[in-house]
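**Student:** Okay, structure incoming, though there's no sequence with it:
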C-alpha cells in the first residue's frame, strides 16, 4: 500500500502532519485536548488530514479521560495539551491510563527552543527558568518520554513513541517545541508501517514456559481461567474465547476484565470479585487447583472497591509483557505471543478435566410491586435483559462499578471502568471518548453510562462536548444525593462532607445547548419497568439522560455486605469519635466477605414470588 | 493569651485537631477540597474546631483555585486532597500558587504506613508499589514538603510547614498517612504562637542596602515607584502607601499589583503594562532615572498577555525574600523588614524631586448611542464609576485581565488575577475562595467576577459550591463565543478550535439548584447603562450573573493594538499555511506596542462628544 499516494501528500510534510498521519494509520481519528499558545500550530494541521477530528474538550482532565475511554475501544488515544497549565491539568488522567495500562499519546506544545535556551520567563512557567520541570513530572507516568528538538531524529522519535504506546498499552509523552512543528520530514517514511509485533522474542524461554503451562493445564482437575483487564487492551478477545473453547475450562472475568469474555458462553461462570465474589464463583475459583489469569493487571490488589488474591499456589499470570508461574517470573514474554503459541500447541485430548455444569451465577430476579421505590440491588439485575450485543457500557467508580457486576452481558458487550485508579468523574470523559469511538464503527453501537450524582459534578461540562458533536450516549444518572460510596466506606456516614449541592440534573442537557434530547426521571419499580420496555427509549437516536432517584444509603448488595461486615468488625473498638479507617483499611478488607448473607428486610414485604 | 483555655481543649489532642487549630490561628476559617478514603478521618475533626468550615468543592482543581483565591485575600489558604487521584488533579492549581507566590497549605491524606511498607497495591497507586511518586511530583511545586510519619516530630513539622507557607507565600505539601491522624500531641503547644517574623536578619547588609536605596531616592529627578504582586501577598498595602506619601514619587502598579496601591491617591499614575502601557504611563516610567519596584514577582517577563522589562538601569527590585540593586543581588532581605527600615530611615527633606502634575491616565469616556452593540473598550471604562471601595474584583486570564487595566479603582479595592501562570478557568475557583474570605470580613464586601464564556466552561461547576453556601458574587459573563484571546494571538483566527459549544448561560444558576438569584442579559450600550444605574443590581444580596453579549473578535484596545501590530510584523513572511507562533512569540512581543494609536472607525460613527 502506498499511503503517501492514497493521501495525495507532497514529498515533504511538516512534523505536525507526520505525527497526525502516523496516528491515523493506527486508527486514531479523533484527537482530544484544548488549544493553547504553544500547540495551535499543530492543531492547524488537523484540518488537512483526512478523517481527522479535533474534539475540543472543555478542560484538560476531561480530555485525558476522553482519550483514555477512546483508547479502551480503539487501542490508542491521543491527547494534545499545552505547556505547564495544560499538561499538569491532564496529569491525573494520564496517571490513570498508566496505572490501568491504556495506550495514550500525550502531545505537549512547548515554548520555542530559543526561549528555553535563554530561560525567558514566559507565562505558564514557575518563574524560575526551569523548563524541564513539567517534562520530569510527565515522565513519572509515561512509558516513554521524548522532546522533539532534533530535526534529524523527529520522525524516528515519533515512530518509537507511538509504537511503545500501542504495543505496551501505556501513555507516552511527546513534547514539541512550537518552532519544531513546521520542520519537514519525507512523507515517503509513512509508507513503512510501524512494527507493532512483539519487541523481543526468545523461543527457548517461550517454549519452556508454555511447556509448564500445558503440563499444569493437562493435569488439572479443578481448573479456572480468569480474563483480566489486558485482554481487551491488547485486542485479544477472540484468542481468549478460543482458549476457553479448546480447554472447556470454566472462565471468569475480573471487574476490570468484564467484556473480555462472552458472558453468554456456556463455560462463563461469572465475575470474580475476590473475597466478595458470589458463593457460586468462590466455589469454583477458591477451590481450583489451577488458575490461568489472562491479561493480568495485578497479581494481588486491594481497592476501596475490591480486594483479591488468588488462593491456589498453582496460579499462572499472563501479564501484558511478562508472566508469572507460581513463584517464577518470566520477563519479556508478551501476552499476544504467549497466547498464540499456547493456542497453537494446546492439545485438547490431553486435558484431564471434564466440564461440569455450574449453576447460573445470577440470582433469580425479584419481582417487586410497581410502587416500590427503586434500589440498586433490583436495578442491576433488570438491566441484564436490556443490554444489546455490541453495547459499550461505562460505569463510574463508586456504586455503579459494583452494580454492573450483577448484570450479565450479551455477546460482544464492552465495558469500561477505572477500578484500580478509581478517579471519580472519570466516566463522563470516558463516555465522550467511547462515543467518538462508537461513531467511528459502522454499526454505531449504543454507549451507556452509569454515573452517580457526586461523580457527575466533577466533570459535568464534558456532556457539552457530547452535545456539540451530536453524540448519543444514554446516561443513567444514579442520584443518591451525595458520595454514597464514601458514606458506606467511612463509618461516619452522616458527616456533612458526604453531601453535595442538589442540582436540577435533567436541565443539564438544555443548559449546555442541546436541542435534540430525551430526559426521564424514574423513582419506582413501575417507572423503571416502563422505561425498560419502551422501545423508543432503547434506541440511540439522540442524547438521553435518565435520573434514577435512589435512597442516599442505597448501594448494590455486594458492597452493602462488605460495608456491614466492616462495620461489625470495627464496631467493637469504636470510641465514638475516631474511625476505623484511621487504622488499617487494607488489612480489614482482607477479612471481608466471609460469605455472609443479607436479609433485606424492608424489601421482603414487597416481594412476590416470580 | 491562652488559646487552649479559650477553645476548651483537653490536654491531649489529635494531630488532625492540632493542624486545624494552627490553621485557625493563622486566620484560615474555610478549608477547600474533596473527601477521599485517606483524608476522611481528618475531615471528621473539622466539625469540632470552632468557626471552621469545610467548603466541599466539586473537583480538586477548582478547590486548589479556591484555596488560592482565599489566600490572596487572607494571606493563607488550605486545600485537603487524597492520595494520587486527588493531589494530582489539584497539581496545576498548586503550580499556579507556586509561580505567583500564594501561601497554600496542601494537606494530602495518604495510605497507612503499614500498607506503604508492605507496598500493597492499593487503589490510586500506579500499580508498581511506588508510594513516593506523588510526593516527588508535589515537591516540584512546593516550598517545603513533609510526610508526617514520625509521632515525635509531627507538631514541629506542622509548625514549620505552616510558617513557611505564611511567611514565604508559597505552597507547602503536608502528607499525612491516615493512621497518623489520631496520634496525639499536647494541646498546650498551641499556646506558643508561630514565629512569623523575618527568618534571618543581617543588620549590616540591611543598612548597606538601605543606604544605597536612600542615596538613589534622594538624588533622583524623575523617580517612579511600582507596586507589584507581592505587596498584597505580604500584607504591605499600608506600608506601600506610606512610602508614596513620604516620597511624593509617582506610583504605578503592574497588572499583578493592581489593588496594592490606592488608585485614588493623588500620586497614582496608572498601570504599568510594559511596552503596551498608555503613553502617559510610559512617559514617566520609561524616562525615569530611578525605579523602585516593591513586591516584585519578576524582573522581566513575557506572557501571552504582557511583556515588560524596566528600561532604566537604576532599578531597585524588592522581591519577597531578596532584593536587586542594579546588577547586585542581596539575598535574605525580606520585603517586610526592608520596607520597615526604609520607612523608618527615610528623610523626606533630602528628596530632590518635586511632585509634578501628570495628566489623568484614563481616556475621557466615550458617549455612545443607546442602540450601539457593546464592546469591551467602552465597557471597562464605564465600570470605573460602578466599583465600590472594598470590592474584590476578579478577572480571568484572557480579555478580562487586559480590560480591567482600563478601569480605575476606588480606594481599598482588591484585585485577583493570575497573569503569570495564566491557567484558564482559574477565576471561577478563585471567586469561590474570595467569596468565603469576603464573608468572613464583617463588612461583607462585594465580590465581582469577570470571566469569558470559554474560560467558564472549564470550571463551571464551582458555581454550584457558591450557591450551596449562599455566597453572593456578581458574575459578569463576557460572552464572545469562544476563546477570543487565542483568536487574537494566533493568526488563524477563524480556526474551528477557537469555537466552543454555545450554552444557555443564564440557566446555569437554576440548574445548579439556586433559588435566590438574579440573571440579566445585556447587548447594547443602553442595556449596560441601565444596569450600571440600577441600584438594586449593585447590591450583593444574592448571587447574580450578567451575560454580556460581545462580538467574537472584540477585545479591550490594549490587546487589540498589540494583536494588530503583531499581525503587521509577521504578515510579510506569512506563507498562508504556517503561522507566526511557530517562530518566536517572545521575541516578537518585545518589539510590540511602540506607541501606535488605533482608530476605531466603526465606533466613530456612533460617537457624540461628552
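**Tutor:** Great, that's in hand. Only a predicted model underlies this, so the values are computations on that prediction, with no experimental measurement involved. Residues are numbered from 1 along each chain as shown, chains lettered A, B, ... in the order given.
**Student:** pretty sure residue A:160 is touching residue A:146, no?
**Tutor:** Yes: counting by CB atoms under 8 Å, residue A:146 is a contact partner of residue A:160 at 7.5 Å. For every residue, glycine as well, the C-beta is placed using N, CA and C.
**Student:** And these two? Which one has more around it.
**Tutor:** For residue A:160 versus residue A:146, neighbours defined as other CB atoms under 10 Å in any protein chain shown are more numerous around residue A:146 (22 against 16).
**Student:** what helices or strands is the helix or strand harbouring the more buried one leaning on?
**Tutor:** Assigned by DSSP states H and E, residue A:146 falls within strand A:144-147. Contacts defined by 3 or more CB pairs under 8 Å, 6 or more residues apart in numbering or on different chains; DSSP states H and E place strand A:144-147 against helix A:133-139, helix A:154-168, strand A:171-177.
**Student:** Of these, which is nearest residue B:450?
**Tutor:** Closest to residue B:450 of those, according to CB to CB: helix A:133-139, at 28.6 Å.
**Student:** So which of the helices and strands packed on strand A:144-147 is nearest chain B?
**Tutor:** Counting by CB to the nearest CB, chain B lies closest to helix A:133-139 out of the helices and strands packed on strand A:144-147; the figure is 5.2 Å.
**Student:** Is that closest one in proximity to chain B?
**Tutor:** Yes: remark: helix A:133-139 sits within contact range of chain B at A:133, A:136, A:137, by CB under 8 Å from any CB of the partner chain.
**Student:** top of the residues you listed by neighbour count?
**Tutor:** Sorting these by how many neighbours each has (other CB under 10 Å) puts residue A:137 first, at 23 neighbours.
**Student:** Contact partners for that residue?
**Tutor:** Residues in contact with residue A:137 (CB atoms under 8 Å, 6 or more residues apart in numbering or on different chains) are A:88, A:91, B:91, B:137, B:140.
**Student:** again with residue A:71
**Tutor:** Neighbouring residues of residue A:71 by CB under 8 Å, 6+ apart: A:77, A:97, A:102, A:103, A:104, A:433.
**Student:** Distance check, residue A:103 against residue A:268.
**Tutor:** To residue A:268, residue A:103 is 27 Å away according to CB to CB, to the nearest Å.
**Student:** Kindly apply the preceding question to residue A:192 instead.
**Tutor:** As for residue A:192, its distance to residue A:268 is 42 Å (criterion: CB to CB).
**Student:** What of residue A:352?
**Tutor:** Taken as CB to CB, the span from residue A:352 to residue A:268 is 21 Å.
**Student:** One more: residue A:218?
**Tutor:** 22 Å.
**Student:** domain ranges for chain A?
**Tutor:** Listed by the TED database, the domain ranges of chain A are A:12-191, A:203-350, A:376-559.
**Student:** touching chain B at all, the last one?
**Tutor:** Yes: Domain A:376-559 lies in contact with chain B when judged by CB under 8 Å from any CB; the contacting residues are A:419-425, A:457-461, A:464-465, A:467-468, A:483, A:486, A:489-490, A:492, A:495-504, A:507-508, A:510-513.
**Student:** Buried only: go through these for me.
**Tutor:** Among the residues of domain A:376-559 next to chain B, those classed as buried by neighbour count (16 or more other CB atoms under 10 Å in any protein chain shown) are A:419-425, A:457-461, A:464-465, A:467-468, A:483, A:486, A:489-490, A:492, A:495, A:497-501, A:503, A:507-508, A:510-512.
**Student:** Quick one: mean pLDDT for stretch A:275-288?
**Tutor:** Taken as a whole, stretch A:275-288 carries a mean pLDDT of 84.
**Student:** residues of it that come out buried?
**Tutor:** So, applying 16+ other CB under 10 Å, buried residues of stretch A:275-288: A:275, A:276, A:277, A:278, A:280, A:281, A:282, A:284, A:285, A:286, A:288.
**Student:** which SS class is the second one?
**Tutor:** Think residue A:276. Assigned with DSSP: H, G, I helix; E, B strand; the rest coil, residue A:276 falls in the coil class.
**Student:** phi, psi of it?
**Tutor:** Phi and psi for residue A:276, reported as degrees, to the nearest 10, are phi -110, psi 20.
**Student:** how close does it get to chain B?
**Tutor:** From residue A:276 over to chain B the distance is 15 Å, taken as CB to the nearest CB, to the nearest Å.
**Student:** isn't residue A:111 right next to residue A:180, touching?
**Tutor:** No: applying CB under 8 Å, one finds residue A:111 not in contact with residue A:180, separated by 11.1 Å.
**Student:** which one of the contacts of residue A:137 sits closest to residue B:408?
**Tutor:** Nearest to residue B:408 out of the contacts of residue A:137 is residue A:88 (CB to CB; 35.2 Å).
**Student:** Next one: that closest one from chain B, what distance?
**Tutor:** In this structure, residue A:88 and chain B are 4 Å apart, going by CB to the nearest CB.
**Student:** again with residue A:297
**Tutor:** For residue A:297, the distance to chain B (CB to the nearest CB) stands at 7 Å.
**Student:** now for the domains of chain A, which one comes closest to residue B:264?
**Tutor:** Closest of the domains of chain A to residue B:264 is domain A:12-191, at 30.3 Å (criterion: CB to CB).
**Student:** any idea how far that closest one is from the chain center?
**Tutor:** Mean-position distance between domain A:12-191 and its chain equals 21 Å (CA atoms, centre = their mean, to the nearest Å).
**Student:** go on, stretch A:468-481?
**Tutor:** Stretch A:468-481 sits 18 Å away from the centroid of its parent chain (CA atoms, centre = their mean).
**Student:** Just the strands from the stretch 151-300 of chain A, written as ranges.
**Tutor:** Listed in chain order, the strands of the stretch 151-300 of chain A (DSSP state E, counting those that start in this stretch) span A:171-177, A:184-186, A:223-227, A:251-253, A:268-271, A:290-296, A:300-302.
**Student:** Would you reformat those strands as a markdown table and include mean neighbour count and distance to residue B:292?
**Tutor:** What follows is these, written out as a markdown table (neighbours: other CB atoms under 10 Å in any protein chain shown; distance: least, CB to CB, whole Å):
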| stretch | mean neighbour count | distance to residue B:292 |
| --- | --- | --- |
| strand A:171-177 | 26 | 37 |
| strand A:184-186 | 16 | 50 |
| strand A:223-227 | 27 | 70 |
| strand A:251-253 | 28 | 69 |
| strand A:268-271 | 24 | 70 |
| strand A:290-296 | 26 | 65 |
| strand A:300-302 | 19 | 59 |
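**Student:** Residue A:50 is nearest to which of those?
**Tutor:** Among these, strand A:184-186 comes nearest to residue A:50, with 18.6 Å by CB to CB.
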